[in-house]
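Novice: Structure of the sequence below:
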Amino acid sequence: MAARVENLAPPGNICLSRAAYDQVKGKVAIAVHDWGQQRLKNIAEPVQVFMLDPVGARLPSRAKPGIRSITVAASAILALVTIGGGGAWYLLGGTGVTSRAIQAPNTVAPLRTAPRLSIVVLPFTNMSGDPRQDYFADAVTDSLTTDLSRIQGSFVIARNTAFTYKGRAIEVRQIGRELGVRYALEGSVQRAGDQVRVNAQLIDTETGGYVWSDRFDRPRSNYLELQDDITGRIARMLGLELVVLAARSIELEHQTNPTASDLALQGWAAVFKPTTPETREEARRLFEHALELDPHTLRALTGLSLTLSNLVINGQSTNAAEDLRRADVLSQQAITLDPNSSVAHAQRARVLQAHGRQQEAAEEYRISLQLNGNLPAPTLFLGETLVFTGKSVDAIPLFERAIELSPRDPGLGTWQFEMGRAMILLRRDDDALAWLSKSVATNSRLAYGQLYYAAIMATRGDLSAARAALASAGRLNPNYTTLAKFRATDLSDDPTYVEQRVYVEDALHKAGLPEQ
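Specialist: Next up is the predicted model:
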């Protein structure tokens with residue numbers, strides 16, 4: 001419950017479930033907004049959610065005059081729920097560890113005046129009357145997000161954070177405040193046979209007024225042209241020109257089998273789900289099917305290359321040599337098909353990482369980010385290459401940037417882990433504990449998150465929690481059952497990194513991980 005409610009909270013704010021709110025209602029003078037009943041993942045019944053109002057926040061009347069602090073009010077709530085409500089404090093986002101452990105670092109920059117060229121593309125609504133067509137509306141949203149990211153000087157919220165607003169009735173000015181953007185693009189997609197109709201509206205989040213709106217009717221086979229029309233018009237309205245990419249043309253997928261394209265889009269929808277063995281297998285199956293129908297489907301080439309590489313990197317491939325060989329071929333085919341695709345270069349970099357060629361991978365990630373600087377995953381993985389080459393200090397700003405671009409990403413547990421690993425390698429144990437606690441709370445099925453959480457808990461002397469996390473890591477990934485297997489899955493032999501990793505190995509040994 002705590003993790004699900006926490007994910008609803010805008011950056012820098014606090015959300016409460018009804019159970020938590022009932023513990024403090026009438027005891028702390030604090031303004032709240034009732035967000036109504038919210039559907040939460042893996043929670044059977046809707047949960048009523050309340051958000052603390054940072055603007056209307058006020059202290060109890062006994063506070064000194066002139067003092068006004070959301071932090072003090074939030075602390076008072078934590079204290080009241082902890083003392084008066086027994087274990088009910090957990091509903092505020094606690095992890096079951098010490099109070100210091102739940103004081104997670106800021107994951108995004110403080111809210112600020114929205115930059116002039118900042119935008120979020122809200123999930124387009126599927127108006128086809130068939131829920132199975134949701135993925136197509138999502139694909140239109142994805143492509144528009146990517147295209148708008150190519151506007152020079154723009155700040156575009158990543159699609160995974162934007163999708164946390166899907167199906168929620170929230171006033172657009174509130175979204176602007178929460179995400180720190182000036183514009184929001186929203187709309188709808190309706191597919192009927194081979195025709196696609198898209199309605200799109202650009203909204204100023206400061207005033208709530210419509211800046212521009214239009215309707216587009218196109219054959220389904222030309223929906224890339226449709227996306228380009230929308231993006232081009234928005235760019236002109238903002239007084240900019242899109243960065244021209246030589247191979248960015250409709251001809252790129254002009255002869256692609258429409259069914260193969262659909263399967264590839266569904267595969268990427270699976271990739272964007274929280275990472276589990278099941279979602280990886282679903283993505284692989286869909287990409288494989290797409291390439292059977294048309295081996296030149298760019299999205300399927302990059303998607304399958306990514307999926308296979310991640311299986312190898314995470315030590316979950318049943319045939320690592322063959323999966324890596326195929327991922328290598330697919331990544332090179334994708335770059336040949338579109339040398340200016342930021343995604344293709346990012347997936348090529350991931351393959352190089354799986355080979356342990358971290359320096360070469362870093363260069364490919366930099367190329368990807370030169371083509372599109374608003375992609376959070378290549379930003380994150382560029383930081384990972386720095387960790388593997390002993391430069392964890394330099395990686396931290398990249399991790400912060402990735403989380404800033406997509407603060408509600410379904411993959412956030414992995415991103416929090418990356419930050420936690422960098423911190424423990426630098427022996428910044430307090431920071432490592434905060435980030436790794438967040439990672440485990442966000443996605444308890446990440447084997448590497450559980451493993452490093454076991455290490456940090458062992459360094460803190462909590463061997464009971466360390467052993468429990470170690471057991472979870474071993475159940476999720478058999479490669480995490482001995483120190484020898486753990487070393488074998490590593491992707492770097494850089495001397496500085498190996499020396500830093502000894503600290504983690506010693507902690508895991510203390511937690512009970514055997515050598516052999």
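
Novice: When you work out contacts or count neighbours from here on, use the C-alpha atoms and nothing else.
Specialist: Will do.

Novice: following the helix or strand bottoming out on mean pLDDT in the chain, which helix or strand comes up?
Specialist: The least trusted helix or strand in the chain, going by mean pLDDT, DSSP states H and E, turns out to be helix 70-84, with a mean of 39. Going down the chain from helix 70-84, the next helix or strand is strand 118-121, by DSSP states H and E.

Novice: From the contact counts, what lies against that following strand?
Specialist: Packed against strand 118-121 by the contact rule (3 or more C-alpha pairs under 8 Å, 6 or more residues apart in numbering; DSSP states H and E) you find helix 134-148, strand 155-156, helix 159-162, strand 183-192.

Novice: Ala466 is nearest to which of these?
Specialist: When the helices and strands packed on strand 118-121 are compared by C-alpha to C-alpha, helix 159-162 sits nearest Ala466, at 31.4 Å.

Novice: Would you mind writing the CA trace of the closest one as PDB?
Specialist: Extracted in PDB, the C-alpha atoms of helix 159-162 (Å, rounded to 0.1, in the frame of the first residue of the first chain):
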ATOM      1  CA  ARG A 159       6.600   8.800 -21.500                       C
ATOM      2  CA  ASN A 160       6.700   6.500 -18.400                       C
ATOM      3  CA  THR A 161       6.000   9.400 -16.000                       C
ATOM      4  CA  ALA A 162       3.400  10.800 -18.400                       C
END
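
Novice: pLDDT of it, averaged?
Specialist: Mean per-residue pLDDT for helix 159-162: 88.

Novice: State the phi and psi torsions of Leu483.
Specialist: Phi and psi for Leu483, reported as degrees, to the nearest 10, are phi -60, psi -40.

Novice: which of the helices and strands packed on strand 118-121 is buried the deepest?
Specialist: Across those, averaging neighbours per residue (mean count of other C-alpha atoms under 10 Å) puts strand 155-156 on top, at a mean of 25.

Novice: Not counting that strand itself, show me its contacts.
Specialist: With C-alpha atoms under 8 Å, 6 or more residues apart in numbering as the test, strand 155-156 has contacts from Pro115, Leu117, Ser118, Ile119, Val120, Thr145, Leu148, Ser149, Asn374, Leu405.

Novice: Just give me the closest of these to Val271.
Specialist: Out of the contacts of strand 155-156, the member with the shortest distance to Val271 (by C-alpha to C-alpha) is Thr145, at 16.6 Å.

Novice: what's the closest non-adjacent residue to the closest one?
Specialist: Using C-alpha to C-alpha, 6 or more residues apart in numbering and skipping the chain neighbours, the partner closest in space to Thr145 is Val121 (6.0 Å).

Novice: mind listing what that neighbour touches?
Specialist: Thr141, Leu144, Thr145, Ile157, Arg159, Ala162, Ala184, Leu185, Glu186.

Novice: Check the last one and give its pLDDT.
Specialist: We have a pLDDT of 90 for Glu186.

Novice: That one contacts Val198, doesn't it?
Specialist: No: at 10.4 Å, Glu186 does not count as touching Val198 under the criterion of C-alpha atoms under 8 Å.

Novice: what's the closest of the contacts of Val121 to Asp394?
Specialist: Nearest to Asp394 among these: Ile157, at 23.3 Å, using C-alpha to C-alpha.

Novice: Okay, that closest one and Gln347: tell me how far apart.
Specialist: According to C-alpha to C-alpha, to the nearest Å, Ile157 stands 21 Å off from Gln347.

Novice: cool, and Leu508?
Specialist: 32 Å.

Novice: where does Met51 land in three-state SS?
Specialist: strand (DSSP: H, G, I helix; E, B strand; the rest coil).

Novice: Nearest residue to it in space, ignoring adjacent ones along the chain?
Specialist: Cys15 (4.3 Å).

Novice: Surely that neighbour and Gln48 touch.
Specialist: No: using C-alpha under 8 Å as the test, Cys15 is too far from Gln48 to be in contact (10.3 Å).

Novice: Settle it for me: which of these two has more neighbours?
Specialist: The neighbour comparison of Cys15 against Gln48 (other C-alpha atoms under 10 Å) goes to Cys15, with 26 against 17.

Novice: quick one: low-confidence parts of the stretch 201-350 of the chain?
Specialist: The stretch 201-350 of the chain contains residues with pLDDT under 70 at 220-258.
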